[in-house]
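In: turn this into a model:
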Amino acid sequence: MSALFNFQSLLLVILLTICTCTYVRAQAPALIDRNKTGVVGLFWKAARIGERLSPYVSLVCLVMAFQLVIY
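Out: Take a look at the predicted model:
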């Protein structure tokens, strides 16, 4: 089933995007920071969310991991 129609999969895709963008920005900041507007700017915004809400994002990662293992 597509991630657009399954809410759990959509949340997982959003969470993985946030984590990936935050990691890429930590490794190569110029790659993410040069595109702050437009559609590609969503990756910059995801990286900012991952940086500023890091404890909450990691908590949600743990919850999703346990939920995927159980169900």
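In: output the below-cut-off pLDDT ranges for the protein.
Out: Scanning the chain for pLDDT under 70 picks out 1-4.
In: what residue is smack in the middle of it?
Out: residue 18 (1.5 Å; CA atoms, centre = their mean).
In: residue contacts, that one?
Out: By CB atoms under 8 Å, 6 or more residues apart in numbering, residue 18 lies in contact with 46, 47, 49, 50, 57. From N, CA and C alone the C-beta is placed, and that goes for glycine too.
In: and the lengthiest helix in the chain, how far from the chain's centre?
Out: For the chain, the longest helix by residue count, based on DSSP state H, is helix 7-27. Relative to the mean C-alpha coordinate of its chain, helix 7-27 is positioned 2 Å out (CA atoms, centre = their mean, to the nearest Å).
In: just the buried positions in it, please.
Out: For helix 7-27, the neighbour count (16 or more other CB atoms under 10 Å) marks 12, 15, 17, 18, 19, 21, 22, 24, 25 as buried.
In: same check on stretch 43-56?
Out: 43, 44, 46, 47, 48, 49, 50.
In: please apply the same query to stretch 60-71.
Out: Result for stretch 60-71 [16+ other CB under 10 Å]: buried residues residue 60.
In: who's in contact with it?
Out: 8, 11, 12, 15, 19.
In: and if you look at stretch 37-56?
Out: 17, 18, 19, 21, 22, 24, 25, 32, 33, 35, 36, 57.
In: farthest pair within those?
Out: Across the contacts of stretch 37-56, no pair lies farther apart than 35 and 57, at 21.3 Å, counting by CB to CB.
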